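Novice: for reference, the sequence and a predicted model appear below.
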Amino acid sequence: MKGIAALLLTAAVLGLRAGATTLLPPIVPLPQTLTTPVPPAQVPVSPTFAFTAIGGSSQGLRDAFARFTPLIAPSTAAHPNPASFTASKSARHASNHHHEIHDTRPQRGPNEDAAAEAGTGAAGSALQGCDVNVGSVDTPLTIGVDESYSLTVSGAPSCTISAPTLYGALHAMETLVQLTTREGTGSRSRGVGAAGGQRVTEAADAVFVAAAVVHDKPRFPFRATMIDTSRHYYSVEAILEHLDAMSAVKMNVLHWHLVDAVSFPYVSTAFPELSAHGAFHPSLVYTPDDIARVVTAATARGIVVVPEIDTPGHVWAGFAAIDELLTACYDADGTVAGTGPLDPSKESTFSFLSTLLKEILPLFKSGMFMVGGDEVDYGCWASNPTVRDFCAKQGWGNGTAAMQQLESYYAHRLLKMLDGMGSEVMCWEELFDNGLNLTASTVVNVWKGKWEYCTKAMSGSEVIRNNKTCAPVQSAPGGSGYSGRMMVRDNSWAEVMGKAAAAGHRTVLSAPFYLNHQNYGSNFVEDWPFLYAIEPTAWNASTPDGRRLTQSDREASVAGVEACMWSEWVDGSNAAPRFWPRAAAVAERGWSSQSTVSIDDFRRRIHAVGCEFKRRGLPSEPVVDGGQFFHENGTVCTRRGVAVLGPPEPGCLPRFSWCPADA
């Protein structure tokens, strides 16, 4: 309550600038607790704004200060090196909050003086900086590390951030950026991005920060995006840019689907023939140095990189360069007709995997490896005489059940191998669906079952199409403007989530979050509400002894959520705008409380994410109908506008058709 009292005192006594709206600041994901004064108040930001480490510091914290300072301070074009003007707390107070120590910038110009004096008319009342207190600056990054933080903005001269770890402090700084309002025009300036200090940031004549007290932590420890660099190649720069976008919405896991049957772009030191055979071109590869660059940038942003080499299926490119690694598939005449999955009947297969994994795991430093395991061709195995003989010697027979036993044998050996290397394991749901012998710690990624769309509007409460249920959108947490519009509801993922939890496995839900699927543009259909409406714990299950899982049990069993971008039609040129800001809907579902469900409120906030990305020079695409009129709170106006049904209602504007960075 002390922080809230100070906040109210600031607004009432110090007379800071009153906010223009009673709406909460457009933060994404919405914090667990966000308190603002009534009426809202804003604190002007000084051009000499700087972060200060209180207590422990580290290179990672100093690098974060360098990244975030130009995103907050006004007229950042005058500040080419934000890292050079951070100072210790004692130095800052000794210099009367003007940061004279280590300040290598030019004297303030007229715009900067205006920013410093905005709000109360005195430069001393501007926000000079933010004190950052991190309990342990050296805590290693892992999935599940403490990411909590507290942030208080209650007036000049400084705000405060406290966090148990560096990673919570990173999230707090991001929240502080999202609390800012920028006014005036200015030239574009350069910030510090993952791709090497070339991030473009829109400058401003004046910046204000909303007075607020925030206490925050993620709901789920695993909030991921997945990139697929096998079907189309992404440049390292495109991946680094994606990391900047992820960190902006507090996503903390990059699942990197590195190779697949169509290409093998990873350059192995032990098996150089893999990329020599499997890469699209000798230059379209990822060397160990490339991976180190990605992992370093990700770690600096609190993001764990989980590699995937999908086996025993989804293999050909690269793998075919290794003798007898792939199973030979036979046709009905007994002639070899191609190759299929890896061959588990040969001990050399496991020797190969052991060598490759010992090389890859230290590169990514994530403590987790994605083994894949989906869509294995049992038919090829069953056609191969050597494989059939192996199954017979094991006493498994030769039918489908024998092939399931063979897959289980392969998975058991692979998982045991990874366990011996100290790595956690994630797999696609088939390994669980097929009843394989998984270790209890295996994380099951549930990918089957999605929200899709009916091809046309339908009447009636529910109708059946293609063995799926077409239901009104408001069957999910609702929003205005969706009455009567239909979607396909395929909740088969819920059953798998429940079964996996009952068996003692943690789960990651990706099924409804395949962002390579786009559906919008007709009958006012925005596709992000279908992502946002998903509740990852909306299922029921009982343990083998009959105990019904409680909501607390379900929360604990869900590791998190994952937004996937499969790349059949995507490469580095269009992946980012297709991801963003749509993936912010998944980010909020993974971070914010279960009760955070308003589609209308999120509409204005997801638009703000897109605008913030534009300001930072990050690619994004419009996700709200530019031809529609909205109220300030994000609700859809009944009358769209002059061209449709006459003049709009009072307070209705095309609010989400443009961004300040467009002007």
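Specialist: Arrived safely.
Novice: from here on, contacts and neighbour counts on C-alpha atoms
Specialist: OK.
Novice: test my guess that Ala584 contacts Val28.
Specialist: Yes. Applying Cα atoms under 8 Å as the test, Ala584 and Val28 come out as touching, 7.1 Å apart.
Novice: give the residues shared as contacts by the two.
Specialist: Val249, Ile606, Val609 (Cα atoms under 8 Å, 6 or more residues apart in numbering).
Novice: helices - which of these land there?
Specialist: Ile606, Val609 (DSSP state H).
Novice: highest neighbour count among the shared contacts of Ala584 and Val28?
Specialist: Ile606 (28 neighbours; other Cα atoms under 10 Å).
Novice: these two touch, right, it and Val28?
Specialist: Yes. Between Ile606 and Val28 there is a contact at 7.3 Å, judged by Cα under 8 Å.
Novice: check contacts around Met497.
Specialist: Counting by Cα under 8 Å, 6+ apart, Met497 touches Val446, Thr507, Leu509, Trp539.
Novice: quick one, phi psi at it?
Specialist: Taking degrees, to the nearest 10, you get phi -60, psi -40 for the backbone angles of Met497.
Novice: cool, and Ala50?
Specialist: phi -150, psi 150.
Novice: kindly report the same for Met226.
Specialist: Per degrees, to the nearest 10, the backbone of Met226 is at phi -120, psi 130.
Novice: ok, Phe220 next?
Specialist: phi -120, psi 150.
Novice: could you measure from it over to Tyr409?
Specialist: 32 Å (Cα to Cα, to the nearest Å).
Novice: settle it for me: which of those two has more neighbours?
Specialist: Neighbours were counted for Phe220 and for Tyr409 using other Cα under 10 Å; Phe220 has more, 20 against 15.
Novice: give me the pLDDT value at the more buried one.
Specialist: pLDDT, Phe220: 98.
Novice: apart from its neighbours in sequence, what residue is nearest it?
Specialist: Gly560 (5.1 Å; Cα to Cα, 6 or more residues apart in numbering).
Novice: my guess is that neighbour meets Phe513, correct?
Specialist: No. At 12.0 Å, Gly560 and Phe513 do not qualify as touching, with contact defined as Cα under 8 Å.
Novice: pLDDT weak spots in the stretch 451-600 of the chain?
Specialist: 451-490, 519-525 (pLDDT under 70).
Novice: that older thread, of Ala584 and Val28, who's got more company?
Specialist: Using other Cα under 10 Å as the criterion, Ala584 and Val28 rank with Ala584 on top: 28 against 23.
Novice: gap between that one and Glu495?
Specialist: 26 Å.
Novice: repeat that for Ala320.
Specialist: The value you get for Ala320 to Glu495, if Cα to Cα is used, is 37 Å.
Novice: what's the answer for Ser441, then?
Specialist: 20 Å.
Novice: where in the chain is the helix or strand with the lowest mean pLDDT?
Specialist: Here the helix or strand of the chain ranked lowest by mean pLDDT, DSSP states H and E is helix 89-94, holding a mean of 32.
Novice: isn't there a helix covering His242?
Specialist: Yes. Counting by DSSP: H, G, I helix; E, B strand; the rest coil, His242 is found in a helix.
Novice: distance of the closest residue in space to it that isn't next to it in sequence relative to Ile54?
Specialist: Distance criterion Cα to Cα, 6+ apart; nearest residue to His242, sequence neighbours excluded, is Ala576 at 6.6 Å. Distance of Ala576 to Ile54, given as Cα to Cα: 36 Å.
Novice: ok, now Thr229?
Specialist: Counting by Cα to Cα - Thr229 and Ile54 are separated by 41 Å.
Novice: do Ala501 as well
Specialist: 42 Å.
Novice: now swap in Gln551 and tell me
Specialist: Taken as Cα to Cα, the span from Gln551 to Ile54 is 39 Å.
Novice: the two: which has the busier surroundings?
Specialist: Per other Cα under 10 Å, whichever of Gln551 and Ile54 has more neighbours is Ile54, with 18 against 13.
Novice: which stretches of the stretch 201-350 of the chain have low pLDDT?
Specialist: In the stretch 201-350 of the chain, residues with pLDDT under 70: 201-204.
Novice: how about the helices in it?
Specialist: For the stretch 201-350 of the chain, applying DSSP state H, counting those that start in this stretch gives helices covering 236-248, 273-278, 288-300, 347-364.
Novice: give me the distance between the two termini of stretch 129-149.
Specialist: Chord length of stretch 129-149, first to last residue, is 17 Å (Cα to Cα).
Novice: and that stretch, average pLDDT?
Specialist: The model assigns stretch 129-149 a mean pLDDT of 97.
Novice: stretch 52-69 too?
Specialist: 95.
Novice: got the CA positions of it in PDB?
Specialist: The C-alpha trace of stretch 52-69 is given here as PDB (Å, rounded to 0.1, in the frame of the first residue of the first chain):
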ATOM      1  CA  THR A  52      21.100   3.500 -12.400                       C
ATOM      2  CA  ALA A  53      22.000   0.100 -10.900                       C
ATOM      3  CA  ILE A  54      21.400   0.100  -7.100                       C
ATOM      4  CA  GLY A  55      23.600  -2.500  -5.500                       C
ATOM      5  CA  GLY A  56      24.800  -5.200  -7.900                       C
ATOM      6  CA  SER A  57      25.500  -4.600 -11.600                       C
ATOM      7  CA  SER A  58      26.600  -6.700 -14.500                       C
ATOM      8  CA  GLN A  59      27.400  -6.400 -18.200                       C
ATOM      9  CA  GLY A  60      24.000  -7.700 -19.000                       C
ATOM     10  CA  LEU A  61      22.300  -5.000 -16.900                       C
ATOM     11  CA  ARG A  62      24.500  -2.300 -18.400                       C
ATOM     12  CA  ASP A  63      23.700  -3.600 -21.900                       C
ATOM     13  CA  ALA A  64      20.000  -3.400 -21.000                       C
ATOM     14  CA  PHE A  65      20.300   0.200 -19.900                       C
ATOM     15  CA  ALA A  66      21.900   1.000 -23.300                       C
ATOM     16  CA  ARG A  67      19.000  -0.700 -25.200                       C
ATOM     17  CA  PHE A  68      16.100   0.900 -23.200                       C
ATOM     18  CA  THR A  69      17.400   4.400 -22.600                       C
END
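Novice: and the angle for the top helix by length along the chain with helix 347-364?
Specialist: In the chain, taking DSSP H as the definition, the longest helix is helix 400-420. Put simply, helix 400-420 runs at 40 degrees to helix 347-364, going by axes from the mean of the first three to the mean of the last three Cα atoms, to 10 degrees.
Novice: elements contacting helix 400-420?
Specialist: helix 347-364, helix 378-383, helix 385-393, strand 424-428 (3 or more Cα pairs under 8 Å, 6 or more residues apart in numbering; DSSP states H and E).
Novice: and the last one with helix 400-420, angle?
Specialist: In other words, strand 424-428. Going by the same axes, to 10 degrees, strand 424-428 makes 150 degrees with helix 400-420.
Novice: again, but for the first one
Specialist: Orientation of helix 347-364 against helix 400-420 (the same axes, to 10 degrees) gives an angle of 40 degrees.
Novice: now helix 347-364, how far from the centre of its chain.
Specialist: Relative to its chain's centre, helix 347-364 lies at 28 Å (Cα atoms, centre = their mean, to the nearest Å).
Novice: give me the contacts around that helix.
Specialist: Residues contacting helix 347-364 (Cα under 8 Å, 6+ apart): 268-271, 288, 291-292, 295, 305-307, 325, 342-344, 367, 369, 414, 417-418, 421, 423.
Novice: ok, now stretch 538-557?
Specialist: With Cα under 8 Å, 6+ apart, stretch 538-557 has contacts from 494-495, 497-499, 501-507, 537.
Novice: how about a cut-off of 10 Å?
Specialist: For stretch 538-557, the external contacting residues (Cα atoms under 10 Å, 6 or more residues apart in numbering) are 219-220, 443, 491, 493-508, 536-537, 594.
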